[in-house]
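>>> predicted structure and sequence below. I'll ask about it afterward.
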Amino acid sequence: MHWDNPSFLLALWLLPAVAGLLAYAYRKRLATAHRFAQQAMLVRLMPRMDVRRAWIKGTALIVGLALLIVAAARPRFGAYVQEVAQRGADVFVLLDVSKSMTTEDVAPNRLERAKSDIRDLLGRITGDRVGLIAFAGKPVVKVPLTTDHGFFDLMLERIDTDSAPRGGSLIGDAVRKAIESMPERGDRDQAIVLITDGEDHDSFPEEAARQAGERGIKIFTVGLGDATEGARIPIRDESGQLHYMKYAGKEVWSKVDQDLLKKMALDTGGAYIPAGTRAYDLGQIYEDHLANLAHGEFHTETRTRYREQFQLFACLGLALLLIQTAVPEYQRT
């Protein structure tokens, strides 16, 4: 058996406490009743408290809660084999996570918009391996090349401006990290999708692009943000008040280097997408440019999956709670 949320099972330790409270409450009611009147009078004044019914109600409540906790832990069992198609193209997404990506000239901000469009791209990719690198002052591989798009989407959701150490925008280092992370194989096409909103900070991105071109790796670049005036980098203090990043007493303006991104794309046989501040569909860009990659030999692999079974436990748990409320506490006369 496998569990999606095993931490919920820790709540099972609370059930003995619940059972103890139920027993204490039952005894407390009996003791209070006997203090109120003698046994002979109690039989006439109040209905008879049935011990068997109390046990039935208590057991139904405890077992019902236990089943709901197990359901919350998302159990999986019942293995089945699933065939996963793999085509052979490798695509690395390089996502700029520098502070300037929090600028709100693209709703809701540049970073969240980029993440949304990467999900659109993921929806168009069927069978290709895809990886994710977050970069600012240093690139970090968040997802190695994989066909597990669910895992990719999970890691993408966690990306923020703290996902890469140090500030800045070292595009060349990010491209070199992608090249290092791709296997040297000639039976598949390989591509890099670079999404950034800033200028490079002396990481020699043109040299990195030439290395990619020599390996046959195409680079597709997406330029976010205003390319003419640029935008200030927003910063919020502890009170939530908005400020803008300053350097040497002057506000820092982030502006995309379109010429650099165009050259990197064209030198590798890729394409430049001047997204700017307008809406763009990265999934459609994939259809227009990346889908034409040579995918090498088509093959499938089998994976063992486990069916989700939480519904069974949830239904049984709810049924027992309903039984607990339906059973009367006192014997009808």
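Arrived safely. Since this is a predicted model, take the numbers as computed values, not measurements. Numbers count the residues shown, from 1 in each chain.

>>> state the helix or strand in which the residue lying closest to Phe152 once chain neighbours are set aside lies.
With Cβ to Cβ, 6 or more residues apart in numbering as the criterion, Phe152 has its nearest non-adjacent residue at 5.1 Å, and that residue is Val143. Glycine gets a C-beta too; all of them are placed from N, C-alpha and C. Using DSSP states H and E, the element containing Val143 is strand 139-146.

>>> remind me what that strand packs against, helices and strands.
strand 90-96, strand 129-135, helix 149-157, helix 171-181 (3 or more Cβ pairs under 8 Å, 6 or more residues apart in numbering; DSSP states H and E).

>>> the closest residue to Leu282 other than its chain neighbours: what's it in contact with?
Residue nearest to Leu282 in three dimensions, not counting chain neighbours: Asp117, with 3.8 Å by Cβ to Cβ, 6+ apart. Applying Cβ atoms under 8 Å, 6 or more residues apart in numbering, we find Asp117 in contact with 195, 280-283.

>>> and the next element down the chain from the lowest-mean-pLDDT helix or strand in the chain?
None of the helices or strands of the chain scores lower by mean pLDDT, DSSP states H and E than helix 39-45, at a mean of 61. Where DSSP H and E defines the elements, the next helix or strand beyond helix 39-45 is helix 51-72.

>>> now that following helix: average pLDDT?
Mean pLDDT, computed over helix 51-72, is 88.

>>> mind giving me the packing neighbours of it?
helix 15-36, helix 310-326.

>>> quickly compare those helices and say which is most buried.
helix 310-326 (a mean of 15; mean count of other Cβ atoms under 10 Å).

>>> and that one, how far out from the chain's middle?
31 Å (Cα atoms, centre = their mean, to the nearest Å).

>>> show residues contacting it.
Here helix 310-326 has contacts from 57, 60-61, 63-68, 70-75, using Cβ under 8 Å, 6+ apart.

>>> could I get the average pLDDT for that helix?
On average, helix 310-326 scores 90.

>>> next: stretch 138-156.
92.

>>> between the two ends of that stretch, how far is it?
End-to-end distance for stretch 138-156: 17 Å, by Cα to Cα, to the nearest Å.

>>> what sits up against that stretch?
84, 86, 90, 92, 94, 115, 118-119, 122, 125, 127-134, 159, 163-166, 170, 173-174, 176-178, 181-182.

>>> just the buried ones out of those, please.
86, 90, 92, 94, 115, 118-119, 122, 125, 127-134, 159, 163-164, 170, 173-174, 176-178, 182 (16 or more other Cβ atoms under 10 Å).
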